[in-house]
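*Asks:* Build me a model from this:
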Amino acid sequence: MVRAPFLLLLALAACSGDPPPPSEVPSARERAPDPRAVHVAGSGAMAPLARALAAACGAACPLPVVVEESIGSGGGVRAAADGAVDVGMISRPLGEAERRLDLMLVPGGMDAVVIAANAEVRVDGIAGTALRDLHAGLRRTLGDGSPATVLLRDRGESANGALDRAVPGLGAARDLAYARGRMRVLYHDRSMVEALVATPGAIGVTSLGALTAGHPALKVLALDGLRPSVATLADGTWPAARPLAWVLRRDRAGRARPFLDFAASPEGARIARRCGYLPAVR
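*Replies:* Here you go, the predicted model:
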C-alpha cells in the first residue's frame, strides 16, 4: 500500500510517548491517487465513524476504504488539499486560511464532547464549576472526596472549544493549567483514552463516538446533571457538541463519492447512531 511519508511519520509519533505533532508537515503535494483504495485521514474524533462506515460499505464502494491513523483536523485538511489522501476528516469549522483552499466540504454529523473517567471512579457526574476548579487547581478531589487526576488535551484540540462553550470560565482555568505545567497533556485521541484507562482517578475530555466505538470500559460522566447521548445531541440539550465534516479536492470527488454517498444513506445514518454520533441531515 502506498502512503504519504508524513502519514507514516505521524502514526509512528503517536505510538511513542504521545509527543506533540510537528509544527510543519512535509508536503505530499499532487500525490497520485492509489488505484487500489480510497484513503481517509484527519480528526481522531471522526476516525471510529469512518472505520465503521468503511467496514460496512461493501458493494456500495467499488474501492476499499482505508482509514489512516489520526493526524488531527488540521492535518486532515492539509492532507486532502495536498492530495496525500482522498478525503480529510475535520471535527471543527474550517479556518479562514483553510476556506481559501477551495475544498469541497460535506457535512458528517455531530459529535458529543464528553468528560470521561477511569472505570474505577465512583462518581457518575460532575458539576461544571467543579470541573473548572479542578483545572484551575482550586480543588483536587471529585464529589465523593476521592483524588482526581485531570488529563489535558493540547491547546489546538477542537474538543476544548466545545467544552468551553458549555462551562463558563473553563478555558481560562485550562490556560492556567497549561502555564503551570503540572498536568499531563495528551496530543492524540488514542493517547487520551489509554491514559484514562491506566490512571487511577483520571478524568479527561474525549469523544462520545470514540468511546462508544471501542472503549466501553471507561465511564462517561454527566455534566451538570445532563448525560451525553445521540438523543441529547439531537434535541440540543447536550451543550458540548462539535460539527464533523469530510473535506476533499474536487478532482477526488469521483473516487470518494461512493463512500460519501454511503455515509449519507439511511444505512450510514444507522451506523452513525449506533456508534454514538448524530448523523448529518441532508
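*Asks:* Now for residue 106, how many residues are close by?
*Replies:* The number of residues packed near residue 106 is 20, by other CB atoms under 10 Å. Where you see a C-beta, it was placed from the backbone N, CA and C, and this is true even at glycine.
*Asks:* who's in contact with it?
*Replies:* Residue 106 makes contacts with 245-248, 260, 264, as judged by CB atoms under 8 Å, 6 or more residues apart in numbering.
*Asks:* could you dump the residues you listed to TSV with distance to residue 148, pLDDT and secondary structure?
*Replies:* Output for the contacts of residue 106, formatted as TSV (distance: CB to CB, whole Å; pLDDT from 0 to 100; DSSP: H, G, I helix; E, B strand; the rest coil):
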residue	distance to residue 148	pLDDT	secondary structure
245	34	98	strand
246	37	98	strand
247	37	98	strand
248	41	98	strand
260	41	98	helix
264	41	97	helix
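*Asks:* Closest to the centroid, which residue in this structure?
*Replies:* residue 45 (1.8 Å; CA atoms, centre = their mean).
*Asks:* how close does that one sit to residue 241?
*Replies:* 11 Å (CB to CB, to the nearest Å).
*Asks:* ok, back up a step: pretty sure the residue nearest to the centre of the chain is in a strand, no?
*Replies:* No. Counting by DSSP: H, G, I helix; E, B strand; the rest coil, residue 45 falls outside a strand, being coil.
*Asks:* In the stretch 1-150 of the chain, where is pLDDT below threshold?
*Replies:* For the stretch 1-150 of the chain, the stretches with pLDDT under 70 are 1-32.
*Asks:* now do the stretch 151-282 of the chain
*Replies:* For the stretch 151-282 of the chain, applying pLDDT under 70 flags the ranges 213-216, 282.
*Asks:* now the helices for it?
*Replies:* Along the stretch 151-282 of the chain, counting by DSSP state H, counting those that start in this stretch, helices occupy 158-166, 170-180, 189-198, 208-214, 230-234, 253-264, 266-274.
*Asks:* could those helices go into CSV alongside distance to residue 117?
*Replies:* What follows is these, written out as CSV (distance: least, CB to CB, whole Å):
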stretch, distance to residue 117
helix 158-166, 14
helix 170-180, 17
helix 189-198, 7
helix 208-214, 11
helix 230-234, 19
helix 253-264, 31
helix 266-274, 23
